[in-house]
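[1] Have a look; sequence and predicted model below, questions after that.
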Amino acid sequence: MDHISLNVHELTENWTLLEHERELVSGKRGPTRLGFAVLLKFHTRYGRFPRDRSEVPERAVDFLARQVRVPAAELDSYDWTGRTIEYHRAQIRRHFGFRECTVADAEEVTAYLAEHVAREERRPERVRAELLARLRAQSIEPPTPGRCDRIVKAALRAAEESLTAGISSRLTAASIRRIVSLVGDGDPVGGDAADSRNESPPSTATATAIGLTETGLRDIGLRKIKEAPAPAPAPAPGDLDRRAMLVEIDKLLAIRAVELPPDLFRGIAPAVVAGWRARAEAESPSRLRTHPLPLRVTLLAALLHQREREIADSLVELLISISGRGQGRKRAPEDAARG
């Protein structure tokens, strides 16, 4: 937390008891007086109560102790469990207009995060920050850290299910079969799915280029699809250049045989697509097969979508390099003759 090292400005800004807060503290004595002041200012600063004594910075305790004229050491005698602290929390909540988080509140904020945050932000720590900000804006005290974690996970899961369902619905049954063939699946969409999804056959040119489109990707293999684009060839001539080009061409044709729609990832944040691609690269085929079909298809489609562009770029670089060396070899005899 940002209270680890507090300077004089931060202490004055965030830990000074205001007049109306002094009135709340008045009437209390000793450890109870100091403990209440600590709870009050901590809640003012963070929108929640400290879970225990260790969360409160020592400089803040010393600063408050001087204001309430109670030795800082007496905070060790404050009871962090039991009726007294519960009464203090209730009093502070009433003062600030806060309330505890209910089941309905948790459900509402989960739905909000899934719809408005987690569709573009997939990092749990950022979603958690949005959760705390949303609760504070609604004057709701955050639940326990464990419950916050469950809310964040539920929001991320709900957003992912919604996104991947939308992505998979943009694909024909034939495209889905070709995609999941990468991880050894058979017919994941069922025999009648093609009719229900208004499936159209692949273009003749694409089908001819790759041969049997249903097995083309499987023949290339997920491992080869994942391989980085071929590096620029070495200056020495030879068949290595042509073989590298043929390998990349086979990959490109296999990917294009899937016929991913050009707008497949329309409306999806690039960082989210990149995250899906990274997961597909990192996970083994057996792990990918365990995912629900929409997620499995989306992860692999993201990988194919981005690899198609990378492979096309690598082929351009190969062609430029080979062409340049060819021109150099052609000029060499001419230069020798002139010499």
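    Right, received. Where do you want to start? Quick caveat: nothing in here was measured; it's all calculated off a predicted structure.
[2] check contacts around the residue nearest to K224 when sequence neighbours are not counted.
    Once flanking residues are discounted, K224 sits nearest to K251: 6.4 Å by C-beta to C-beta, 6 or more residues apart in numbering. C-beta: built from backbone N, CA, C; applies to glycine. Shown in contact with K251 (C-beta atoms under 8 Å, 6 or more residues apart in numbering): 220, 224-225, 307, 311.
[3] Tell me how far K251 lies from L304.
    Distance, K251 to L304, using C-beta to C-beta, to the nearest Å: 10 Å.
[4] Common neighbours of the two, please.
    I225.
[5] which stretches of the stretch 151-300 of the chain have low pLDDT?
    Applying pLDDT under 70 to the stretch 151-300 of the chain flags residues 185-221, 228-241.
[6] Can you get me a residue count around A111?
    13 (other C-beta atoms under 10 Å).
[7] For stretch 138-145, the averaged confidence score.
    In this model, stretch 138-145 has an average pLDDT of 94.
[8] how close does T172 get to I179?
    Separation of T172 from I179 (C-beta to C-beta): 11 Å.
[9] Please say which of these two ends up with more neighbours.
    Neighbour count, other C-beta under 10 Å: between T172 and I179, I179 has more, with 25 against 20.
[10] need the contact list for the more buried one.
    Taking C-beta under 8 Å, 6+ apart, we find I179 in contact with 171, 217, 258, 297, 300-301, 304.
[11] just the helices in the stretch 101-250 of the chain please.
    Per DSSP state H, counting those that start in this stretch, the stretch 101-250 of the chain carries helices over the ranges 103-116, 124-137, 145-169, 173-180, 193-196, 204-210, 213-220, 222-226, 239-257.
[12] Go through those and pick out the most buried.
    Ranked by mean neighbour count under mean count of other C-beta atoms under 10 Å, those are led by helix 173-180, which reaches a mean of 24.
[13] now the angle from that one to helix 239-257?
    Relative orientation of helix 173-180 versus helix 239-257 (axes from the mean of the first three to the mean of the last three C-alpha atoms, to 10 degrees): 140 degrees.
[14] can you state the direction angle for helix 173-180 and helix 145-169?
    Going by the same axes, to 10 degrees, helix 173-180 makes 130 degrees with helix 145-169.
[15] what's the spacing between the one residue sitting closest to the centre of the chain and P292?
    In the chain, the residue lying closest to the centroid (C-alpha atoms, centre = their mean) is R122, at 2.2 Å. Remark: distance between R122 and P292 (C-beta to C-beta) = 17 Å.
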